[in-house]
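Q: Requesting a structural model of the entry that follows:
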Amino acid sequence: MAKAIVDKNGVATPTKKKKLVNKKPISKTKSLTKAVTIANGHPKDQKKQQKQPAHPKKRELEVGANDNDDDDEADEEKEAIKKPKSEKANDEDKPALSIKDIIPAVFGIFSNLQSGRLSQNNLNRLVNLLRNEPDDAKRLATCSYTLKRLVRATGSDDMQSVSQSAANIHCILTSVPNIDIYDLLETMKRDLPVSSGIGGKQKKGKTDSLASVGQVITVYTIMQTPYFKNAEPKLLTALYTILIGQLKGREYLASMSANILADSFTQLNASVFESHVWSQLKSVILLPIAKQKIYLFDLLLAAYFQKILSRNQLESALSLKNFEDVFELYLNSSISQNANAYKRFAKFLIQKEQAKLLKQWQKYVDDKIVTANNSRFKMCALQIITYVLLYCNESSDQRIIVELFSPNVLEMLFNELQSAKRKRSEKTKASHLELKAIFPQLEAILLLFYKSKVSQDDVKVQILMRLLDNAVRLESVIHLPKYIEQLINELSPDGVYKVYSYFRDLLFKESVSKSCRIYCLGRLNAILARDGLTDENRKTEMLQMLYMATFNVNYEQKPCSQANACEFNELKGTHFRAMFYNNLLKEARSLEDLLPQLNFFTSRVIKEFANSENETKLRCGPRSAEQKGTWKAIENIILEAKKQKNTDKLKQTLDGLILFVSLTQLSGDPRLVTVLKDLIQCKVFATSKEKSKKTLDVSWKEVLTDSLLVLNLQNEQFWRKFINLVLASVIEHLEEQHLEQILAVLDMRKNPLSKNENEDEDADDDEEEDDEEDESEASSDEDSSEDEDDENEKDDEETEKEENEVEEDDTENARLEELRESVRLALTKDMANNDDDDNDGASSVDWNDVDEAEGERLNAALERSFQAFKPKTAKSEAKRRPTKSERINSTTLMHFRIRALDMLEVFVSKKPEIEIILDIIQSVFQVYMSCSIGPHAKEQQLREASIKLMRKIINQTITYKPEQDKSIILEVIEQLMATASTKIENDDQKKPQQQHQPKAEIEVMQWRDKFLAHLVSQFTSSKNATKIPVWPLLEGYIVEWISRRKTSLTLASFEAIFNTNWPGVAHVANAMSSHLLSDATRSQRRYQILKLLSDHSNRFNLIYKNYPKALDQLHQQIIEYTELALDKSDFQKSKEGKLLSKILAQGTDPKCRELIEKIAK
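A: Below you'll find the model as predicted:
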């Protein structure tokens, strides 16, 4: 039959037998529009084609149109699809297709597809058109026309067009029923002709190459449809003939066809494969190894896994003496294979009957990879290692897997990972990109191998040990986070202990770098933190940590003197100290739980002290006589614990506190020695059997609180948790006066760490001076002894002020004298070298003798002199950068206050009594204000800690004593409202008025309102909310807010009250609504009241659940106001109307409905 080729514009040109009439190549296209144009043809080229003489006996009409020109659609409809006369005799039973049978709508769809508009929507329209057409003749004709155009487009040299056309063909074949696949194959052969078949020598023209690609793509698309799954032998033969024919072509075509063939074998059973495929395939792929290609060998493996070939037959067909030639075939191939090819080879390597083969491959790779510079070699090796890990199982020899991670392979892996991290993807070669893409896959599959593939723990440990030799490098380039830690988590306790020992030994190697040591310390800490060790091993290692934190240690991990200690002794000691105490406190819920472990570790340290030589090996130096005296009391605690079990909770707590501090004081901090002595005395007083010493009871509690505050000054984080544990254990013994000791730390006007306890941090603040005056007035009510102390303090302060004034006067006089001298020198400097004997450097200047140049020099000298002694302004002082010591002191104080807030949190959780909660509220709110809009606004960590505590207070249920008077809450409410308002007003006076409040001030008011609502909601005992003590205060606030423009309350304050479940909200709502009818109420306040009621109208049933009469009263007030408002000319429907309608909608009175209708008109 006659064949046709596609010319440069996509028009099919008839050929005579195998002789090409037109050999022009297909033009390059860069978009789907051009690709479809190639498949359709162009009108101008069609006119030229019509002038060409057709074959005298065989004539073929084409369907081609210009989809860009709507005027030419009529020309398309006049074309006919006809079979050549030679084919009519063979297809007499098939109805002839006519152009009239093609549905016209398909041309518009292709026009849209060609222009690239809404591709998916147009494809859906096309499928629906082909599937829903009831006329079989039209459907078949349209299907043939559609597939013809799409098959042509697969022969384009535009990759996007080829892939889009293949996807469209697949969609049609899977969605449209009853398509003739044989007709599709004939169309493909006719419109994508190849110059020679199987056994012939293919020409190397571009037209043939593109047509071959189109055929392969079309066949592959058919194989992905149900037509292939249920294919008859005739169709299988037709499809495989096309693919097998390409195996002798160009390498990229042969490789692509081989990949498709190999993947398709899994869909065939062995008998069908042997009878219809293998008979055609074996002559092509059964070649000696010298003539083999990687894709042909992959086909042999696919046939091997289909059980067509045995291993002996495979080796015999290849004439193999060993498999090194096969390894060479894979590792040095210039053609990249798809992942399935590497998967098949990996499965072949790990088969049980070929156990030696994987070892041979590993040895071959290990030898060659050292000198390999080819990225494809490395990519292939890593890809196969990846799939070996993926497909190995319990039956595989897992010990061989360890050898895959040889030093040479790992070195190559780390180098390539570092290189891949440095290189940018857009500047990298394709082979390097393929190599880079393997790394995340290898990491994930190795982790999967650890979790589910390998059962032998020693295999995991050995692989991990090889990775750990370059752990620091690996962690810096690995893609997955905490990769080494994830691998360690999959080990058994014994395996974890081996890894722990490895890190510990590595830490003490002399040749290890500082970064590696820090990494080892981190890993040791992580292993201890996750409880991967057995209890015995964990206790042993923690004891070793304690020794290392307490004593100087050499590289052999043994105690030694300071002179013989290892270089990183100080670094190691600090880290091991933190690691030991953090892990000791990790799961402790109380100090009683820690006591057994503290007894064990303290007794072991005491045992070390029995050797007098160890005194000189202590990190803090030999113990003083005072320290040795305290350790005698500690030894008594240990002896008592061994003799009898202590059941007294307070005694257990104090014992644990003493033992903990005794271990930590070995670091050499002198404050801890003093604290330890105080704690020993506390225990004596607290556990004494004498009951007549009330003063001592108070004393030991105060000393204990002070000791905890001193311990809070320690830098390490573990103190924070430990002190909270101690405080939670002794909280029941502490009272309000002990809370005040902690609250004193949070006084933002004073520095608790300064030597002068009365030193103010902000002496120039007017507000603070007012507060000091209030405090001095309040102090007059105290007893006479306290008055005397205050007077003495005031006398001292006055004396200090007088001394300061004298010092300031002296300083000022000295500055004036320096200024005079500087001016004198500036004026006489230019005359100092004068030969005149009368000029001694002190004479006056005669300005008549001064020329212009000298006058300019004198003027500049005077300017420099006055500039040097210019007094510093407050602005320049504010710009002054604080010194290092000031910054350290400021940071220390901030963290000290944060830890004090932690202690308050324990009080809130464990002892939420009303007096304690109120004191804490006032203190923490002052801290929050000072860090938000006060002088400590830079201390954001302290601000966040105060917010955390305030949230806890608001969510905490407050406890009361029976019949306790709640009137003390009123004082706190008034103080909160006054303090926040006064602070913000004072700040506004210091700076220009702003149109909007700053965010910080708004947040302060929001927290004040939250506390207001929380404290108001505490009054819930009375059935009538208007009878409770807080009601007069609230009523006064309502009247003040309505009558004045600027008040201490805002609409948000009442909003916060409405958001609570307090029963008194109903009475607050009625009290506010009663002012709607008053002429004194401003329109703005009326609107705010209505908005508040409207926002909460949906909650009226809940708010007024116990007050139905109050709800009726509210609705009556709203009705009266609405009737009055509707009569006014200035009534705003858009604003007030919507709010009133929403409130009235909740009422049951018929007037509510009438008023809603009036508002809507």
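Q: pLDDT value on the closest residue to residue 135 other than its chain neighbours, please?
A: Of all residues not flanking residue 135 in the chain, residue 101 sits nearest, at 7.9 Å (CB to CB, 6 or more residues apart in numbering). C-beta: built from backbone N, CA, C; applies to glycine. On pLDDT, residue 101 comes in at 80.
Q: Check whether residue 101 really touches residue 142, as I assumed.
A: Yes. Counting by CB atoms under 8 Å, residue 142 is a contact partner of residue 101 at 7.4 Å.
Q: Neighbour count: these two, which is higher?
A: For residue 101 versus residue 142, neighbours defined as other CB atoms under 10 Å are more numerous around residue 142 (23 against 19).
Q: The more buried one: which element?
A: helix 136-153 (DSSP states H and E).
Q: what about residue 935, distance to residue 749?
A: 9 Å (CB to CB, to the nearest Å).
Q: the more surrounded of these two?
A: A direct count of neighbours by other CB under 10 Å for residue 935 and residue 749 places residue 749 higher, at 20 against 14.
Q: Just give me the neighbour total for the residue lying closest to residue 273 once chain neighbours are set aside.
A: Nearest residue to residue 273 in three dimensions, chain neighbours excluded: residue 306, at 5.5 Å (CB to CB, 6+ apart). By the measure other CB under 10 Å, the count of residues near residue 306 is 18.
Q: Show the backbone phi and psi for the residue nearest the centre of the chain.
A: Nearest to the mean C-alpha position of the chain, counting by CA atoms, centre = their mean, stands residue 481 at 11.4 Å. Main-chain dihedrals, residue 481, degrees, to the nearest 10: phi -70, psi 140.
Q: Mind checking the pLDDT average for stretch 587-594?
A: On average, stretch 587-594 scores 84.
Q: ok, residues contacting it?
A: 584-585, 649, 652-653, 656-657, 660, 725-726, 728-729 (CB atoms under 8 Å, 6 or more residues apart in numbering).
Q: Now find how far off-centre that stretch is within its chain.
A: With CA atoms, centre = their mean, to the nearest Å as the basis, stretch 587-594 stands 33 Å off its chain's centre.
Q: same deal with stretch 400-419?
A: 30 Å.
Q: Is residue 555 located within a helix, as I assumed?
A: No. If the criterion is DSSP: H, G, I helix; E, B strand; the rest coil, then residue 555 is coil and not within a helix.
Q: Find me the pLDDT at it, would you?
A: On the pLDDT scale, residue 555 gets 86.
Q: how far away is it from residue 1101?
A: 78 Å.
Q: could you give the mean pLDDT of stretch 514-522?
A: 87.
Q: coming back round to it: residue 555 and residue 1101: which has the busier surroundings?
A: residue 555 (15 against 10).
Q: show me what contacts that one?
A: 508-510, 566.
Q: Using the record's assignment, carve this protein into domains.
A: 903-1018, 1025-1161 (automatic domain parsing).
Q: Output those domains as a markdown table; include the columns mean pLDDT and distance to residue 405.
A: Below are the domains of the chain laid out as a markdown table (pLDDT from 0 to 100; distance: least, CB to CB, whole Å):
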| stretch | mean pLDDT | distance to residue 405 |
| --- | --- | --- |
| domain 903-1018 | 86 | 45 |
| domain 1025-1161 | 88 | 62 |
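Q: right, and these - which one's nearest residue 177?
A: Proximity to residue 177 (CB to CB) singles out domain 1025-1161 among these, at 56.4 Å.
Q: Now do that closest one: distance to the chain's middle.
A: For domain 1025-1161, the distance to the chain centre is 46 Å (CA atoms, centre = their mean).
Q: hang on, the earlier thing: what's the distance between the helix holding residue 142 and the middle of its chain?
A: Counting by CA atoms, centre = their mean, helix 136-153 comes out at 52 Å from the chain centroid.
Q: List the buried residues in it.
A: 138-153 (16 or more other CB atoms under 10 Å).
Q: Against residue 551, how distant is the closest residue to residue 544 other than its chain neighbours?
A: Nearest non-adjacent residue to residue 544, counting by CB to CB, 6+ apart: residue 557, 7.6 Å away. Using CB to CB, residue 557 is found at 10 Å from residue 551.
Q: Over to residue 181?
A: 85 Å.
Q: Please apply the same query to residue 281.
A: In terms of CB to CB, residue 281 sits 76 Å off from residue 551.
Q: can you check residue 487 too?
A: Counting by CB to CB - residue 487 and residue 551 are separated by 33 Å.
Q: what do you get for residue 302?
A: Following CB to CB, the distance that separates residue 302 from residue 551 is 67 Å.
Q: can you check residue 928 too?
A: For residue 928 relative to residue 551 (CB to CB), the value is 45 Å.
Q: Could you say which helix or strand holds residue 542?
A: In the assignment (DSSP H and E), residue 542 maps to helix 535-550.
Q: List the buried residues for that helix?
A: Quick answer for helix 535-550 (16+ other CB under 10 Å): 537-538, 541-542, 545-550.
Q: got the CA positions of that helix in PDB?
A: Extracted in PDB, the C-alpha atoms of helix 535-550 (Å, rounded to 0.1, in the frame of the first residue of the first chain):
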ATOM      1  CA  ASP A 535      18.600   1.500  84.000                       C
ATOM      2  CA  GLU A 536      21.900   0.000  85.100                       C
ATOM      3  CA  ASN A 537      23.900   1.400  82.200                       C
ATOM      4  CA  ARG A 538      22.200   4.800  82.500                       C
ATOM      5  CA  LYS A 539      23.100   5.000  86.200                       C
ATOM      6  CA  THR A 540      26.700   4.000  85.500                       C
ATOM      7  CA  GLU A 541      27.100   6.600  82.800                       C
ATOM      8  CA  MET A 542      25.500   9.300  84.900                       C
ATOM      9  CA  LEU A 543      27.900   8.500  87.700                       C
ATOM     10  CA  GLN A 544      30.700   8.800  85.300                       C
ATOM     11  CA  MET A 545      29.300  12.200  84.200                       C
ATOM     12  CA  LEU A 546      29.200  13.400  87.800                       C
ATOM     13  CA  TYR A 547      32.900  12.400  88.300                       C
ATOM     14  CA  MET A 548      33.800  14.300  85.100                       C
ATOM     15  CA  ALA A 549      31.900  17.300  86.300                       C
ATOM     16  CA  THR A 550      33.400  17.200  89.700                       C
END
